[in-house]
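**Q** just a sequence and a predicted model for now, questions to come.
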Amino acid sequence: MIITHPVIFAGAGPGDPELITVKAQNALKEADLVIYAGSLVPEAVLKWTKPGITKINSASLTLEEIIITMATAYEKGQKIIRLHTGDPSLYGAIFEQMLELKERSIPYKVIPGVTAAFAAAAAMGIEYTLPEISQTLILTRMAGRTPVPEAEKLELLASHQSSMAIYLSISLIDDVANILKKAYGADATCAIAFRVSQPQEKIIYTSLNELADTVQKNKIINHALVIVGKIFESKQMKAKSKLYDKNFSHGYRNEKKK
């Protein structure tokens with residue numbers, strides 16, 4: 001009797017092999033088949049696999065081909081890892097794969113990962129949620145060949161002036177820059193985070209007015225986020241967190257007696 005195993009969707013993290021979770025790393029060590037998003041996942045992350053296993057780059061495959069490959073391996077009792085960049089729940093296109101597996105009664109599990117916006121924050125030494133400056137982080141993308149819902153157009157989201165990380169939009173940088181300038185101001189600081197956590201990493205600070213030119217001058221055509229928000233304008237904090245305020249009581253600390 002063949003013992004079968006759930007297909008595991010795992011987040012590879014932003015690219016640094018050491019930023020993959022321990023759980024995903026252990027799953028890779030046990031895998032018989034890894035199907036990885038090769039256009040985004042660096043092969044360095046595959047270092048955690050055992051020698052001689054099958055590794056398939058899904059960049060040129062269709063959804064049907066991926067599912068057939070998974071189903072065939074599942075029926076053979078192989079341990080399958082579907083490796084996505086960052087965290088698989090964010091622009092990972094995993095839901096459509098899950099639906100196909102469910103139709104075939106193939107079980108699956110998901111292991112989360114570190115998305116590029118958080119690796120970028122670490123590289124820049126910033127906090128997206130500063131008290132009384134920004135308490136909201138929006139992760140989004142510009143509408144292009146893949147549309148976005150009407151209520152989630154970049155113009156509407158930018159109007160909140162919250163911290164924002166814009167994915168998958170470098171090819172539309174002129175439009176992105178024009179939209180952000182209207183919301184945050186042409187002189188507002190932003191950052192271009194290219195291949196964060198990888199050896200080619202670049203963090204480029206510029207103004208929204210110079211954003212498009214900066215992207216073009218640096219020949220950045222993919223693998224980059226645009227990050228914007230009032231957090232870059234804050235040289236000092238307007239207010240400190242209540243969490244560690246000696247005069248603020250909560251369930252783990254009583255207010256300091258005067």
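**A** Cool, the structure landed.
**Q** show me where the stretch 151-258 of the chain has helices.
**A** Taking DSSP state H, counting those that start in this stretch as the criterion, the stretch 151-258 of the chain carries its helices at 154-158, 173-184, 211-217.
**Q** could you report the pLDDT at the residue most central in space within the chain?
**A** Among the residues of the chain, Thr115 comes closest to the average C-alpha position under Cα atoms, centre = their mean, at 2.9 Å. The model reports Thr115 with a pLDDT of 97.
**Q** list the contacts of it.
**A** Applying Cβ atoms under 8 Å, 6 or more residues apart in numbering to Thr115 gives the contacts Gly11, Pro14, Gly86, Asp87, Leu90, Leu139. Every residue, glycine included, has its C-beta placed from N, CA and C.
**Q** so which of those belong to strands?
**A** Counted as lying in strands by DSSP state E, out of the contacts of Thr115, are Gly11, Leu139.
**Q** would you mind giving the contacts of Thr115 as JSON lines with pLDDT, neighbour count and distance to Ser105 added?
**A** Converted to JSON lines, these look like this (pLDDT from 0 to 100; neighbours: other Cβ atoms under 10 Å; distance: Cβ to Cβ, whole Å):
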{"residue": "Gly11", "pLDDT": "96", "neighbour count": "27", "distance to Ser105": "25"}
{"residue": "Pro14", "pLDDT": "95", "neighbour count": "32", "distance to Ser105": "34"}
{"residue": "Gly86", "pLDDT": "96", "neighbour count": "27", "distance to Ser105": "29"}
{"residue": "Asp87", "pLDDT": "97", "neighbour count": "24", "distance to Ser105": "26"}
{"residue": "Leu90", "pLDDT": "95", "neighbour count": "18", "distance to Ser105": "27"}
{"residue": "Leu139", "pLDDT": "97", "neighbour count": "18", "distance to Ser105": "33"}
